[in-house]
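A.B. asks: 3D model of this:
(2 chains)
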Amino acid sequence: MIRLYNTLTRKKEELQTLEPGIVKMYVCGPTVYNDAHVGHAMSALVFDIIRRYIEYRGYAVKHVMNYTDVDDKIINRANQTGVDPFVLSQRYIDDFDQNLTDLNIQPATARPRVSKSMPQIIAFVQGLIDKGHAYAASNGDVYFRVLSDDDYGKLSARKLDDMQAGSRIEVEELKEHPMDFALWKSAKPGEPSWDSPWGKGRPGWHIECSAMNLAELGEQIDIHGGGNDLIFPHHENEIAQSESFTGKQFARYWMHNGMLQLSGEKMSKSLGNIVSIKEFLSKREADVMRMLVLNGSYRAPLMFNEETLDGAEKGLERIVTALRPALPAVGHANQGALNALSTQVELTKNGYLSAMDDDFNTAGALGNLFELVRAINTARDAGASGLELQHAQATLRELAQVFGLQLKEKTGSEGADKFINLLIEIRAEVRKQKLWQLSDQIRDRLKELGVTIADSKEGTTWRWE
RNA sequence: GGCGACGUCGCCAAGUGGCAAGGCAAGGGUCUGCAAAACCCUCAUCAUGGGUUCAAAUCCCAUCGUCGCCUCCA
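C.D. replies: Now for the predicted structure:
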């Protein structure tokens, strides 16, 4: 039984789906006006890991991620660069898709965009007006009437009265209440706009997600996810819109990931302290970013710096090492060593599942994986054969794959193997004659070419590195 | 100022009432001609001060500190 932390109730709850065996999950995607950064990667990775685990547990996941391709930022950037806003957003959508692929993130089963959802959005706004939850102002803007929603503020645990007190929002005369927010914005000159019952205009920020949710997943969904910086106002307003429109509970579980911390601060567009995904991947493997996320807890802030990345990279190598073959000359491992290994396989499986069932505790599950890593290495050192290691290694690989780790061994140029083996063979002869200098020279030169040699009393092995 | 989350070894971090997982780093050792890898050993009483309890990192109160939101943001 999977339990997950629900922001709405601030408690862990059992996952009970609306339809048996199916999880409807909507995760807020990016506004596409710039290169995506590693903070986006964290969020995408968190929900990718969650999705993979839910699927591993036997559910089918309907996963929707939207692209916000109509927005002030896009329009501004388009104007600055002289590129058509739709061309610009298309370019960044393509880039983002590529980023996700590079990070081994499973594509969402549906990826709607604002620009292609206009009829649904307009119908949604009209519906809210019809039900008295929204009103059109004289200038063509349409606002949501917060006072019409009696539990407004329940997700972010705020009260309307409190918000007004500390609010820095300039009260617009056209609004009935200062916290009323725009569902539809009347067009300004030079902006993309669409025809509507209230004149030419474009959607506000929050309505798109309500409308796309309804279109793709229906009136009610199981999980709604996103970064915790979206709790207010975005998700709060989504709830207000959707529940006012349908009269039903919108999402059963609200899940929010913590922020990536770069030198102690949130990485964000406005602070300008950004590392793009592209930039990251030019320096490190995709698995390193995933390991960093796995080693933390998805709801807490995640430290992103050279030190934590080095740690993630080393941990990754440790798992990869455990998957390597048995030693060349296999002795016979004693029964005790083999029993210890199979015991650990069971312990790890159980530990992994109970950690992950408990609100996707990846750090705890990872700890279990490392215990299996050690058991495998110990058995190998004791002389276990490939066959004897097989089950444990398969388990390790399976559980790592549920995490979405690829665990790629580096490979070199094709066809080089036989020449490398030849060199190793010659070197073995050289070593027999104790010509250490020559032997070391071969090792050093191969190292420079990306081949690492390891000698042991059972023989010599090599690998690309 | 308001609301929320949090403070566990040098770093990342699990654990939320019953003797403090795991990874990285560090030190010592085994193996090795040397090296790499691996393995073994060592390495914390849980921000501070009170309180509840037979028993608290884990519950309550206070203080200090950090982060997020309140404005675009994963």
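A.B. asks: ok, A:L294 touching A:A363?
C.D. replies: Yes: the pair A:L294 / A:A363 is scored as a contact, 7.0 Å apart, by C-beta atoms under 8 Å. C-beta coordinates here come from the backbone N, C-alpha and C atoms, glycine included.
A.B. asks: neighbour count: these two, which is higher?
C.D. replies: Ranked by neighbour count (other C-beta atoms under 10 Å), A:L294 and A:A363 place A:L294 first, with 26 against 15.
A.B. asks: look up phi and psi at the closest residue to A:R3 other than its chain neighbours.
C.D. replies: Counting by C-beta to C-beta, 6 or more residues apart in numbering, the nearest residue to A:R3 once its immediate chain neighbours are dropped is A:K12, at 4.8 Å. The phi/psi pair for A:K12 (degrees, to the nearest 10) reads phi -80, psi 140.
A.B. asks: got the contact list for stretch A:298-308?
C.D. replies: Applying C-beta atoms under 8 Å, 6 or more residues apart in numbering, the external contacts of stretch A:298-308 come out as A:5, A:38, A:42, A:46, A:49-50, A:228, A:256-263, A:266-267, A:275, A:292-293, A:296, A:359-360, A:362.
A.B. asks: burial count for A:N377?
C.D. replies: Counted with other C-beta under 10 Å, A:N377 comes out at 15.
A.B. asks: against RNA strand B, how distant is it?
C.D. replies: Relative to RNA strand B, A:N377 is positioned 3 Å away (C-beta to the nearest atom of the strand, to the nearest Å).
A.B. asks: what packs against whichever strand or helix holds that residue?
C.D. replies: If you go by DSSP states H and E, A:N377 is part of helix A:362-381. Secondary-structure packing of helix A:362-381 (3 or more C-beta pairs under 8 Å, 6 or more residues apart in numbering; DSSP states H and E): helix A:286-295, helix A:306-322, helix A:335-357, helix A:386-402.
A.B. asks: got the angle between that helix and helix A:335-357?
C.D. replies: 170 degrees (axes from the mean of the first three to the mean of the last three C-alpha atoms, to 10 degrees).
A.B. asks: which parts of the stretch 1-150 of chain A sit against RNA strand B?
C.D. replies: Proximity of the stretch 1-150 of chain A to RNA strand B (C-beta under 7 Å from any atom of the strand) is limited to residues A:10, A:28-31, A:37, A:39-40, A:42-43, A:68, A:71, A:73.
A.B. asks: and if we set it to 10 Å?
C.D. replies: Residues of the stretch 1-150 of chain A lying close to RNA strand B (C-beta under 10 Å from any atom of the strand) are A:5, A:7, A:10-12, A:27-34, A:36-47, A:65-66, A:68, A:71-74.
A.B. asks: give me the buried entries from those residues.
C.D. replies: Buried members of those, counted by 16 or more other C-beta atoms under 10 Å: A:5, A:7, A:27-34, A:36-47, A:65-66, A:68, A:71, A:74.
A.B. asks: the closest residue to RNA strand B within the stretch 201-350 of chain A: neighbour count?
C.D. replies: Proximity of the stretch 201-350 of chain A to RNA strand B (C-beta to the nearest atom of the strand) peaks at A:G227, 2.2 Å away. Residues lying near A:G227 (other C-beta under 10 Å) number 22.
A.B. asks: what do you get for A:V61?
C.D. replies: So A:V61, with other C-beta under 10 Å, has 18 neighbours.
A.B. asks: what does A:K408 give?
C.D. replies: For A:K408, using other C-beta under 10 Å, the count is 11.
A.B. asks: what sits against it?
C.D. replies: A:E285, A:D287.
A.B. asks: which residues touch A:I221?
C.D. replies: With C-beta under 8 Å, 6+ apart, A:I221 has these contacts: A:L18, A:K24, A:M25, A:Y26, A:N213, A:F250, A:A251, A:R252.
A.B. asks: among the residues you listed, name the buried ones.
C.D. replies: Using 16+ other C-beta under 10 Å, the buried members of the contacts of A:I221 are A:K24, A:M25, A:Y26, A:N213, A:F250, A:A251, A:R252.
A.B. asks: just put these in JSON lines and tack on distance to A:D180 and secondary structure.
C.D. replies: Putting the buried ones among the contacts of A:I221 into JSON lines (distance: C-beta to C-beta, whole Å; DSSP: H, G, I helix; E, B strand; the rest coil) gives the following:
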{"residue": "A:K24", "distance to A:D180": "29", "secondary structure": "strand"}
{"residue": "A:M25", "distance to A:D180": "30", "secondary structure": "strand"}
{"residue": "A:Y26", "distance to A:D180": "24", "secondary structure": "strand"}
{"residue": "A:N213", "distance to A:D180": "21", "secondary structure": "helix"}
{"residue": "A:F250", "distance to A:D180": "19", "secondary structure": "coil"}
{"residue": "A:A251", "distance to A:D180": "23", "secondary structure": "strand"}
{"residue": "A:R252", "distance to A:D180": "27", "secondary structure": "strand"}
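A.B. asks: show me the buried ones among the residues of the stretch 1-150 of chain A next to RNA strand B that map onto helices.
C.D. replies: A:V38, A:G39, A:H40, A:A41, A:M42, A:S43, A:A44, A:L45, A:V46, A:F47, A:I74 (DSSP state H).
A.B. asks: could you find the closest non-adjacent residue to the third one?
C.D. replies: Right, the one you point to is A:H40. Using C-beta to C-beta, 6+ apart and skipping residues adjacent in sequence, the residue nearest A:H40 is A:P30, 5.6 Å away.
A.B. asks: what residues sit buried inside stretch A:418-434?
C.D. replies: For stretch A:418-434, by 16+ other C-beta under 10 Å, it's A:I420, A:L423, A:I424, A:R427, A:V430, A:R431.
A.B. asks: got a pLDDT number for the first one?
C.D. replies: We note a pLDDT of 92 for A:I420 in this prediction.
A.B. asks: before we move on, the earlier item: what comes into contact with the helix holding A:N377?
C.D. replies: A:49, A:293-298, A:315, A:318-319, A:321-322, A:326-327, A:333, A:337-338, A:340-341, A:344-345, A:347-348, A:351-352, A:355-356, A:358, A:388-389, A:392-393, A:395-396, A:399-400, A:403.
A.B. asks: returning to what we had before: out of the ones in helices among the buried ones among the residues of the stretch 1-150 of chain A next to RNA strand B, the closest to RNA strand B would be?
C.D. replies: When those are compared against RNA strand B (criterion: C-beta to the nearest atom of the strand), the nearest one is A:G39, at 2.4 Å.
A.B. asks: distance of the closest one from A:A428?
C.D. replies: 51 Å (C-beta to C-beta, to the nearest Å).
A.B. asks: hmm, back to that, quick one: the helix holding A:N377 to helix A:306-322, angle?
C.D. replies: Going by the same axes, to 10 degrees, helix A:362-381 makes 40 degrees with helix A:306-322.
A.B. asks: what mean pLDDT does helix A:362-381 get?
C.D. replies: Computed over helix A:362-381, the mean pLDDT rounds to 95.
A.B. asks: grab the nearest non-local neighbour of the residue of the stretch 201-350 of chain A closest to RNA strand B.
C.D. replies: A:S43 (5.2 Å).
A.B. asks: I figured that neighbour hits A:G226, correct?
C.D. replies: Yes: using C-beta under 8 Å, A:S43 is in contact with A:G226, at 7.0 Å.
A.B. asks: which stretches of the stretch 251-400 of chain A have low pLDDT?
C.D. replies: Applying pLDDT under 70 to the stretch 251-400 of chain A picks out residues A:263-273.
A.B. asks: no more questions from me, cheers.
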